[in-house]
Every structure is written in C-alpha cells, then in structure tokens.
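# fold the following and give me the result.
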Amino acid sequence: MKFLLLEIKESFLISLAAIKANKSRSFLATLGIVIGITTVTILQTAIEGINIAFEKSIAAVTSLLRTSTDKIEVYDKGVENWINETI
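Below you'll find the model as predicted:
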C-alpha cells in the first residue's frame with residue numbers, strides 16, 4: 001500500500017514538472033478541451049431548443065386539426081339531405 005502511494009506521488013510530481021516545462025503546450029491543450037466541451041454543450045442546447053419548437057408546432061397543428069374536424073357533414077342516403085353530426 002505504501003509503495004502504491006509513493007508511485008502516485010511520484011507520478012503527480014512528474015506531471016507537474018512536465019506542465020511547468022511545457023507551459024504553452026499545456027495551455028493549448030487545456031484551451032482545446034474547454035473549446036470542445038463548450039461546443040458540445042452549445043450544440044446540445046440548440047438541438048434541445050429545436051426539438052421543443054418542433055413539438056410545439058406539431059401540437060399547434062394537431063389542435064387546429066381537432067377543432068376543424070369537430071363537425072363532419074354526413075350524407076344520409078335514405079333522407080337525401082345533409083346532417084351535421086358532432087363527434
């Protein structure tokens with residue numbers, strides 16, 4: 001167990017030394033990660049907004065179709081006149 005902790009501590013110190021030695025490379029790598037995460041977050045938000053707008057437009061069209069088909073005219077062949085039937 002003690003050996004494992006020493007290995008972790010040594011690895012951590014080596015990585016800190018590498019970051020200090022290559023400051024511009026470390027900065028650019030971090031910047032790339034931040035830009036990537038930000039881009040994915042923005043795209044996910046945009047897609048979610050588009051989905052919500054699409055669902056609202058479908059709901060509006062569906063409600064319009066429901067209100068326009070509330071009354072259907074049915075032809076009664078025996079009486080030969082039109083009867084308004086409410087569904």
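# distance of S26 relative to I33?
Between S26 and I33 the computed distance is 11 Å (C-beta to C-beta, to the nearest Å). Where you see a C-beta, it was placed from the backbone N, CA and C, and this is true even at glycine.
# neighbour-wise, which of these two wins?
More neighbours surround S26 than the other of S26 and I33, with 13 against 10 (other C-beta atoms under 10 Å).
# residues contacting that one?
S26 sits next to I19 when contact means C-beta atoms under 8 Å, 6 or more residues apart in numbering.
# quick one: the strands in this structure?
Using DSSP state E, the strands of the chain run over residues 71-76, 81-86.
# which of those comes out lowest on mean pLDDT?
Across those, strand 81-86 has the smallest mean pLDDT, namely a mean of 48.
# next one: phi and psi at N22?
When read as degrees, to the nearest 10, the backbone of N22 gives phi -120, psi 70.
# ok, how many other residues are close to it?
Other residues lying near N22 total 12 when counted by other C-beta under 10 Å.
# again with E48
Counted by other C-beta under 10 Å, the residues lying close to E48 total 10.
# what do you get for L31?
The local packing of L31 (other C-beta under 10 Å) involves 10 other residues.
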